[in-house]
Each structure stands twice: as structure tokens, then as C-alpha cells.
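Trainee: next come a sequence and a model predicted from it.
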2 protein chains.
Amino acid sequence: MDAADLKFFAAVARVGGMNRAASELNTVQSNVTARVRTLEEELGVALFNRGHKGVTLTAAGQRLLPYAIKVTHLLDEARRAVKDDGEPRGRLTIGSLETSAALRLAPVLAAYAAAYPEVDLVLHTGTTYELIAQVLDHVVEGAFVCGPVNHQDLLEEVFFREQLVILAPRTIRRLDDLTRKGHVKIVVHPQGCAYRQILENILIKRGVVGIRPLEFGNIETIYRSVSAGLGITLLPKSLIGSIWRDNAVSVHEVPEAEAHITTVFVHRQDALISSALKEFLKFARPVPVQMRAAE
Amino acid sequence: MDAADLKFFAAVARVGGMNRAASELNTVQSNVTARVRTLEEELGVALFNRGHKGVTLTAAGQRLLPYAIKVTHLLDEARRAVKDDGEPRGRLTIGSLETSAALRLAPVLAAYAAAYPEVDLVLHTGTTYELIAQVLDHVVEGAFVCGPVNHQDLLEEVFFREQLVILAPRTIRRLDDLTRKGHVKIVVHPQGCAYRQILENILIKRGVVGIRPLEFGNIETIYRSVSAGLGITLLPKSLIGSIWRDNAVSVHEVPEAEAHITTVFVHRQDALISSALKEFLKFARPVPVQMRAAE
DNA sequence: TGCATCTATCTGAATTCGCGATAACAACAT
DNA sequence: ATGTTGTTATCGCGAATTCAGATAGATGCA
């Protein structure tokens, strides 16, 4: 049972056909068929049900598939571990929420890139849900997402804690003006990284019943929508102060107990932490409070 | 990077030489050398320091070794998982303390062997320490040992709780006779599975200072030594009642708070639990208390 | 029927693998 | 000195394996 055979097997299982797997693996169909057959002969069981429009996994194949995937990942990781002599080098792929990236990570990324020019940094942005899926799939080594995550296969470390504020059109002077209306439009991300849920909770708590969400894909659009009077949104307070000072919107504080969010870094607990990642986390880790008393 | 290459690599690393690895792998030395070399060329780093009396791992080799071992185990497990269709079958290798085996496991083993003739049962006996090492090394699928174990890589489930009694030569009528002497010989297992520690604690608590251990490898010998007047020992109460009733020794109760032991089943939490093992544990698991009220 | 889309199988060339023999080297005993 | 032993490296050859391409067979669809 060769690792290459398992890679073939996993590809066939994933795409559901020997032909398609062959083109994906840059080889010919006869080759794929032969290797699957030798695998089946070696194990003494059929792994696929052959159909006239592709193949499906048998029960035995379903039992094998997770091992095939694990072995493939383990070999990948082994290669990286061997090359990783402690000096950050090569590609480092991490994920981050768009807000975290803009707010906290930008200077860290710049400093890190300057300190380790040997590292090719790749940053994926997405929602918490998407990023967690990417971490689990080994697409990224880890990601900054909204915590807590509490996933069995993931380790998480708290990095930032943000206070959130409500952004409303400039015509809204006080939060009460808004809540008294009884219904309100909110502008949020599609799968909304907890911001949406928090905002809804805040409004519900204040007696707003008709909450109508508008979904936009990026922060810039959300901000413009708010300033154009379309609705309100929720964003980190520090983001407002540092980026937009144009007074096109009104900013409303919310008690911190209700409106804060923690950003955690999550990574697979069974995966290698590359030297590049280890150093990056040192850069990103906030200075402990007692050490920045002078601020 | 082939799985077979990694197996070769791991063997060379373990025995510290290509020649010895070759004979262990049932092949010739030139073959081992060639595969190690291709592996090194593929990875672009040297994995071994060649010496005139064998090889040693380089830093890169040390980083690779755990992956080589993991991959090898994972492939083993994959083979078993594929063949395991839910019906207990094949070889089931578990470990057990000698006392647990004699006392609690014997009827379970018999019933299980009768119920599943397709399973080849293999039982390893040893001390808690030895058995845990065997579980970690995948030599046995799991083992009944003295708990609690509290090991990061192991899951444990409590199976039995035994009250322990002191066995002394027949001439000793009361425990006080023994403790008043101030020194006493104890007869125990070599690495003693906690029995020794517990017995010493009991004696120390009663003011005995000169404890002289005699070590014997199996229970039968220990029992005979006690009956011959050599010293005292500690054994599960139920073992005394069910096996030896010849009155060649005197039995002394000890408060349960001091002298009890829990037997747990431990297994690697990252390893497959075969159907054979799953069923075995069902057989071995004690009937819940409320369900045997009629006893 | 003809076409498209699958998988299975066969064949010959290229490649790899495993073995045996040999070389080179160092340590150690004679 | 000299031979012996134990080690890794290398080469050549035959066997085994792998790969790509061609072909065959089956099925569904227009």
C-alpha cells in the first residue's frame, strides 16, 4: 500500500471518476484504473462500485478514505518539517477576518515581511466559518477569527479584544432615536462573523423587533452604505478612529459587556507549527499589559 | 517520498546502520543505501551522518523520524480499518496485569473466545509501566492497568475497583503483631504495579520503618513465599477468596480508604478501536450496579 | 443508430528495483 | 606491518513495475 496509491485513491473518491481523477493527477486513465485495482487486490476488498457514469465508494472504501487523506497530509507535513530548520523560510499561508487584517494585522504583516524576506506571506480573508474550514482542510496554517471557537481539533489563543460600536447615518444623533422606531435595517457581512448576531442581540435587547439585514461582502461597501443612510452596522471602535474620520456617520457606544469581540488565532492541534508561523505569532502577540504601562 | 522509503529510513534510524537495517528488512545493504540516498536527494538534505561504525541521524533526520513512524502506523491501521467491517475478526492483542487477568478477565476471555471464534485473542501480561509502553508503541491495542494513568495520548475507562488485603504467614494472627516488630519483609512484583507502593504506605503509616522488599516475578511464587513465612504481601481480596482457600496464610483486612485499587482500560486516543476490541470491552465492562440489584 | 462518456484491458517502452560483487575506509587484533 | 572485521558507496545486470497510448466493452442519450 503505497502513499502514491492512496493519493490516487483519494483523488478518485473525491471527483467520483477515474477519468476525471486521471486528468487531475496529470496521468492517463488506464494508469489510475491499474493502481486502484492493485490497491484493491492488495487489500482483498473492492473500494469502488463501478458505475457507467463514474464510481462510488464501497463501505470499505469509505473506511479507507480518511486514512488516505491523513497519510497524504502527513507526508506533506513531513516534507515541510524536514526543510524547516528553525529559520523562517518558504511560504506562510494564514487566514484572517477582513476587520482584523485592516485593524491589527497590517503593521504586523509589514514588520514581519521586512524582518523575514525569505518568507512568502499569503493572507486569506474570509468569515470565521470559512476560515475555520480552511484551517481544518490544511489550506491555511492557521487563522485569526472570532472566538471562542471551541473545536475539538483546533487550538486557539486569544490575541485581541475589540470594543464594538454602532455606526449609523449622520442623521441619527442618539441611539434612542433608532430604537424607538421599532424596526431598523442593519448592514452586515453575508455570514457575518458574529458581528451580525451581536448587533441583533443588542437591538433585540432594546426592544427593536423588525430587524432587516442587508448583506454586503466587504467593509468599504458596508461603511458607504451606512453613510448613505441605508442602515446601521457594528464595527470595532478602534477601526473607526484610525481609518475614517470624515464624520459621514454617527458613532454610538454600546456597553462593553454587550459589544465586544475577541479575536483568536486557531490552528489544527495535530499539525506542525512552522518556524515561519511561530515567529509570526511572536510578532502578532500583543505586548502584555504591564509592559506597556507607559502608553 | 514513498511510504516504503520511510519504513526503510525508520529502520535504519532505529538500528543505527544500513547493514543491520537491511537484514531486518530482509533485503540487501545496497538496496537500503540506495533508497536512503534517493530519499535524501528528493528532500535535498542529508538524513544521516555516515560514520565508520554505523550512521546517526542529522537534525533533519530527527525531524523526519516521527513522521516516518506515524505514517507507518497509520498505514497499518488503514489496512486493519479496511478489513474491519464491524464483525469481530482477526487478531486482538490486549494487555493486562497478571492479577486482573486471573481475577476478572479469565471468565471474560473465555466467554469472548466462545462468542467470537473468528478472533485470535492474544494477551500480554506485564506491569502497568510495561503495558502502557506497549499501548503507546502499538504493540497491544489497549491494556488493563492500575489507574488512574493520566497520560495525554491515552484514553482510560475505569473497569474494576478492588479491595486489597494483606497476606501474611499463618503464624501472624493480628496485623499488630507484625507492625509492632518495627521492621518487616514484603514480597512484591519487581516493578510492582502500585501494590508495592500501597503496601509500603500502609506499613509506614503504622510505624514500620525497616521495610525490606523481596521481588518475585509472578503471583504464584509470591503466594508460596508468604505461606512459607518469608514475608507479607498485598493482593486483591477477591483473588484470595476465589483461588486459594488452603489456610496456609492469614488474611488481614485494611481500611478500604487505604487499600483499594482501580483497574482501568487504556488505549491510544488516536488509534482505531477495532470491532473485535469494541465487543471485547462490552464483555468486560461490569454490569451497572442498579442492574444487578438481585445479586 | 451514432455519439459521448465511462471503465477495463492489452502492449511495448521506459523506468525503477533488488541483488550480488566489488571498492574504499576505519578500527582493532595479531 | 598485516590481516580481519564491520561499515558505507557504487556499479552492472536481470526482473519487475510503471506509464502512456490504443483498443474494447458497456451504458445512456439524442
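Mentor: Sure, I can see it.

Trainee: give me the residue at the spatial middle of chain A.
Mentor: A:L131 (1.5 Å; C-alpha atoms, centre = their mean).

Trainee: now do the biggest strand by length in chain A: distance to the chain's middle.
Mentor: Counting residues, the longest strand in chain A under DSSP state E turns out to be strand A:154-169. Here the centre of strand A:154-169 is set off from its chain's centre by 15 Å, with C-alpha atoms, centre = their mean, to the nearest Å.

Trainee: ok, the residue nearest to the centre of chain A - contacts?
Mentor: By C-beta atoms under 8 Å, 6 or more residues apart in numbering or on different chains, A:L131 lies in contact with A:G95, A:S96, A:L97, A:H124, A:V140, A:A143, A:F144, A:V145, A:V266. Yep, even glycine has a C-beta here, placed from its N, CA and C like the rest.

Trainee: I'd like to know which of these is nearest to DNA strand D.
Mentor: A:V140 (30.1 Å; C-beta to the nearest atom of the strand).

Trainee: give me the number of residues near the closest one?
Mentor: Neighbourhood size, A:V140 [other C-beta atoms under 10 Å in any protein chain shown]: 23.

Trainee: low-confidence stretches in the stretch 101-250 of chain A?
Mentor: For the stretch 101-250 of chain A, applying pLDDT under 70 flags the ranges A:101-102, A:179-182, A:190-193, A:241-246.

Trainee: tell me where it has strands.
Mentor: All strands of the stretch 101-250 of chain A, identified by DSSP state E, counting those that start in this stretch, fall at A:119-125, A:142-147, A:154-169, A:183-188, A:210-215, A:233-236, A:249-253.

Trainee: so can I have JSON lines of those strands showing distance to DNA strand D and mean neighbour count?
Mentor: Formatted as JSON lines, the strands of the stretch 101-250 of chain A follow (distance: least, C-beta to the nearest atom of the strand, whole Å; neighbours: other C-beta atoms under 10 Å in any protein chain shown):
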{"stretch": "strand A:119-125", "distance to DNA strand D": "29", "mean neighbour count": "16"}
{"stretch": "strand A:142-147", "distance to DNA strand D": "34", "mean neighbour count": "26"}
{"stretch": "strand A:154-169", "distance to DNA strand D": "36", "mean neighbour count": "19"}
{"stretch": "strand A:183-188", "distance to DNA strand D": "43", "mean neighbour count": "19"}
{"stretch": "strand A:210-215", "distance to DNA strand D": "37", "mean neighbour count": "13"}
{"stretch": "strand A:233-236", "distance to DNA strand D": "48", "mean neighbour count": "25"}
{"stretch": "strand A:249-253", "distance to DNA strand D": "55", "mean neighbour count": "18"}
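
Trainee: nearest to B:T38, out of those?
Mentor: Across these, B:T38 has its closest neighbour in strand A:119-125 (27.9 Å, C-beta to C-beta).

Trainee: distance of A:V71 from chain B?
Mentor: Noted for A:V71: a distance of 5 Å to chain B, by C-beta to the nearest C-beta, to the nearest Å.

Trainee: my bad, A:E77
Mentor: According to C-beta to the nearest C-beta, A:E77 stands 7 Å off from chain B.

Trainee: find the nearest non-adjacent residue to that residue, please.
Mentor: Of all residues not flanking A:E77 in the chain, A:L272 sits nearest, at 4.9 Å (C-beta to C-beta, 6 or more residues apart in numbering or on different chains).

Trainee: could you tell me the phi and psi values at the one you found?
Mentor: Dihedral pair for A:L272: phi -60, psi 140, per degrees, to the nearest 10.

Trainee: quick check, it in contact with A:R80.
Mentor: Yes: between A:L272 and A:R80 a contact is recorded at 6.3 Å, counting by C-beta atoms under 8 Å.

Trainee: ok so, going back, make TSV from the strands of the stretch 101-250 of chain A and add distance to B:A21 to it.
Mentor: Below are the strands of the stretch 101-250 of chain A laid out as TSV (distance: least, C-beta to C-beta, whole Å):
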stretch	distance to B:A21
strand A:119-125	37
strand A:142-147	37
strand A:154-169	36
strand A:183-188	61
strand A:210-215	61
strand A:233-236	58
strand A:249-253	69
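
Trainee: let me have the ones you listed in a markdown table, extended by distance to chain B.
Mentor: As requested, the strands of the stretch 101-250 of chain A are exported to a markdown table (distance: least, C-beta to the nearest C-beta, whole Å):
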| stretch | distance to chain B |
| --- | --- |
| strand A:119-125 | 18 |
| strand A:142-147 | 20 |
| strand A:154-169 | 14 |
| strand A:183-188 | 40 |
| strand A:210-215 | 41 |
| strand A:233-236 | 37 |
| strand A:249-253 | 45 |
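
Trainee: DNA strand C: which of those is closest?
Mentor: Comparing the strands of the stretch 101-250 of chain A by C-beta to the nearest atom of the strand, strand A:119-125 comes nearest, at 29.3 Å.

Trainee: strand partners of that closest one, parallel vs antiparallel please.
Mentor: Here strand A:119-125 is paired, per DSSP bridges, with strand A:90-96 (parallel).

Trainee: pull out the buried positions in the strand it pairs with.
Mentor: Within strand A:90-96, the residues scored as buried using 16 or more other C-beta atoms under 10 Å in any protein chain shown are A:L92, A:T93, A:I94, A:G95, A:S96.

Trainee: what angle sits between it and strand A:142-147?
Mentor: If you take axes from the mean of the first three to the mean of the last three C-alpha atoms, to 10 degrees, strand A:90-96 sits at 10 degrees to strand A:142-147.

Trainee: C-alpha coordinates for the helix or strand hosting A:F9, PDB please?
Mentor: Element membership for A:F9, per DSSP states H and E: helix A:3-15. Extracted C-alpha coordinates of helix A:3-15, given in PDB (Å, rounded to 0.1, in the frame of the first residue of the first chain):
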ATOM      1  CA  ALA A   3       1.300   6.500  -0.400                       C
ATOM      2  CA  ALA A   4       1.000   7.400  -4.100                       C
ATOM      3  CA  ASP A   5      -1.700   4.700  -4.500                       C
ATOM      4  CA  LEU A   6      -3.600   6.300  -1.600                       C
ATOM      5  CA  LYS A   7      -3.300   9.700  -3.300                       C
ATOM      6  CA  PHE A   8      -4.700   8.200  -6.500                       C
ATOM      7  CA  PHE A   9      -7.500   6.600  -4.500                       C
ATOM      8  CA  ALA A  10      -8.400   9.800  -2.600                       C
ATOM      9  CA  ALA A  11      -8.500  11.700  -5.900                       C
ATOM     10  CA  VAL A  12     -10.800   9.200  -7.500                       C
ATOM     11  CA  ALA A  13     -13.000   9.200  -4.400                       C
ATOM     12  CA  ARG A  14     -13.200  13.000  -4.400                       C
ATOM     13  CA  VAL A  15     -14.000  13.500  -8.000                       C
END
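
Trainee: now do the buried residues in the helix or strand just after it.
Mentor: Sequence-wise, the next helix or strand downstream of helix A:3-15 (DSSP H and E) is helix A:18-24. Buried residues in helix A:18-24, counted by 16+ other C-beta under 10 Å: A:M18, A:R20, A:A21, A:A22.

Trainee: turn those into CSV, columns for pLDDT.
Mentor: Formatted as CSV, the buried residues of helix A:18-24 follow (pLDDT from 0 to 100):
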residue, pLDDT
A:M18, 92
A:R20, 92
A:A21, 93
A:A22, 93
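
Trainee: how is chain A partitioned into domains?
Mentor: A:3-83, A:90-161+A:261-292, A:162-259 (automatic domain parsing).

Trainee: angle of the longest strand of chain A against strand A:142-147?
Mentor: 60 degrees.

Trainee: could you find the residue in chain A that comes nearest to DNA strand D?
Mentor: When distances are taken as C-beta to the nearest atom of the strand, chain A reaches nearest to DNA strand D at A:S30, 3.0 Å away.

Trainee: what is the orientation angle of the helix or strand harbouring that residue with helix A:3-15?
Mentor: Assigned by DSSP H and E, A:S30 belongs to helix A:29-43. For helix A:29-43 against helix A:3-15, the angle by the same axes, to 10 degrees is 110 degrees.
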